[in-house]
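Chemist: Predicted model and sequence below, questions to follow.
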Amino acid sequence: MSAVEEAPRHIDVAPLVIETASNVRDVLHRSPLWERITDGSMPFAGRASYLEQHWEGLRVLLGAVEQLEARTNGVAEMRDTLRETTDKMGGALDRSHATARWREHHVTMPSMLQFRRRVTEITEADDLVSLFAHCVVRLAAVGACPVPSTTGASIPRITAVCTEEQEELFAEELSAALIGLLAHGSDVCRAYQGQERARTCATTAAMIRNALRG
């Protein structure tokens with residue numbers, strides 16, 4: 001039997017990934033946080049804090065992928081995409097804050113602590129399928145943030161799903177990842193409840209989005 005015949009054939013989950021990316025965009029754009037960003041009632045600090053949660057989530061996933069890379073094949077493309085996107089988002093936040101010192105004061109919100117625990121569980125179980133599901137949702141969120149856009153971080157082709165059971169697991173974890181993503185917005189809305197817009201802030205969400213495109 002040849003090496004090609006021995007290699008497991010993966011299930012094409014591209015339609016599911018595309019549908020998920022669309023759902024992420026639609027759900028985020030209908031969220032209360034998005035409404036506050038759009039109408040200007042969310043202060044700059046709140047918008048920045050929300051983006052920082054995305055940046056932290058990408059860093060957590062990158063660390064997990066790098067950890068699994070030592071004992072799992074087929075993660076290089078996802079690793080490179082996460083690394084590039086994390087660097088871009090970090091750089092965009094550096095420019096929006098006009099300094100990199102925001103990293104010293106970054107606050108990890110409750111939903112991010114839950115996300116960290118879930119990723120740790122997935123990594124300890126060597127569950128690449130579930131990990132990639134979270135990567136898909138987080139990369140899709142960057143593509144949707146912080147202004148409506150059809151462009152964004154590319155999502156690598158997923159080839160880790162090889163059985164019907166794994167396909168079902170992938171779909172379930174995509175849904176769980178989206179719920180966790182929405183919790184970040186709820187945390188930020190609670191943290192900045194009733195605060196007025198920072199009128200002197202010249203850095204807008206659109207500027208941050210343009211930085212991410214660069």
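Modeler: All right, it came through fine.

Chemist: in stretch 79-98, what counts as buried?
Modeler: Under the neighbour-count criterion of 16 or more other Cβ atoms under 10 Å, stretch 79-98 has R79, T81, L82, T85, T86, K88, M89, G90, A92, L93, S96, H97 buried. (Each C-beta comes from the backbone N, C-alpha and C, glycine too.)

Chemist: Tell me the spacing between the residue most central in space within the chain and L169.
Modeler: Of all residues in the chain, the one closest to the mean position by Cα atoms, centre = their mean is R138, 1.9 Å from it. R138 is 18 Å from L169, where distance means Cβ to Cβ, to the nearest Å.

Chemist: now R116
Modeler: Distance from R116 to L169, by Cβ to Cβ: 20 Å.

Chemist: what does D80 give?
Modeler: Counting by Cβ to Cβ, the gap from D80 to L169 is 24 Å.

Chemist: can you give me the helices in the protein?
Modeler: 3-6, 14-29, 32-39, 44-69, 76-97, 102-105, 110-124, 128-144, 164-191, 205-213 (DSSP state H).

Chemist: Determine which stretch of those is the most buried.
Modeler: For the helices of the chain, average neighbour numbers computed from mean count of other Cβ atoms under 10 Å are highest in helix 128-144, which has a mean of 25.

Chemist: Convert it to CSV, retaining C-alpha atoms only.
Modeler: Extracted in CSV, the C-alpha atoms of helix 128-144 (Å, rounded to 0.1, in the frame of the first residue of the first chain):
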residue,chain,number,x,y,z
LEU,A,128,-6.8,19.5,16.9
VAL,A,129,-10.3,19.4,15.4
SER,A,130,-11.8,21.5,18.3
LEU,A,131,-8.8,23.8,18.3
PHE,A,132,-9.2,24.5,14.6
ALA,A,133,-12.9,25.2,15.2
HIS,A,134,-12.0,28.0,17.6
CYS,A,135,-9.3,29.3,15.2
VAL,A,136,-11.9,29.6,12.5
VAL,A,137,-14.3,31.6,14.6
ARG,A,138,-11.6,33.9,16.0
LEU,A,139,-10.2,34.6,12.5
ALA,A,140,-13.7,35.2,11.2
ALA,A,141,-14.2,37.7,14.0
VAL,A,142,-11.1,39.6,13.0
GLY,A,143,-12.5,39.8,9.5
ALA,A,144,-15.7,41.3,10.8
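
Chemist: same for it, what does it pack against?
Modeler: Based on contacts counted as 3 or more Cβ pairs under 8 Å, 6 or more residues apart in numbering; DSSP states H and E, the elements that helix 128-144 packs against are helix 14-29, helix 44-69, helix 76-97, helix 110-124, helix 164-191.

Chemist: now the shortest one, how far from the chain's geometric center?
Modeler: Offset of helix 110-124 from its chain centre (Cα atoms, centre = their mean, to the nearest Å): 13 Å.

Chemist: The second one too?
Modeler: Computed by Cα atoms, centre = their mean, the chain-centroid distance of helix 44-69 equals 7 Å.

Chemist: Now do it against helix 164-191: the angle between them, please.
Modeler: If you take axes from the mean of the first three to the mean of the last three Cα atoms, to 10 degrees, helix 44-69 sits at 150 degrees to helix 164-191.

Chemist: Just list what helix 44-69 packs against, helices and strands only.
Modeler: Using 3+ Cβ pairs under 8 Å, 6+ apart, the elements in contact with helix 44-69 are helix 32-39, helix 76-97, helix 110-124, helix 128-144, helix 164-191, helix 205-213.
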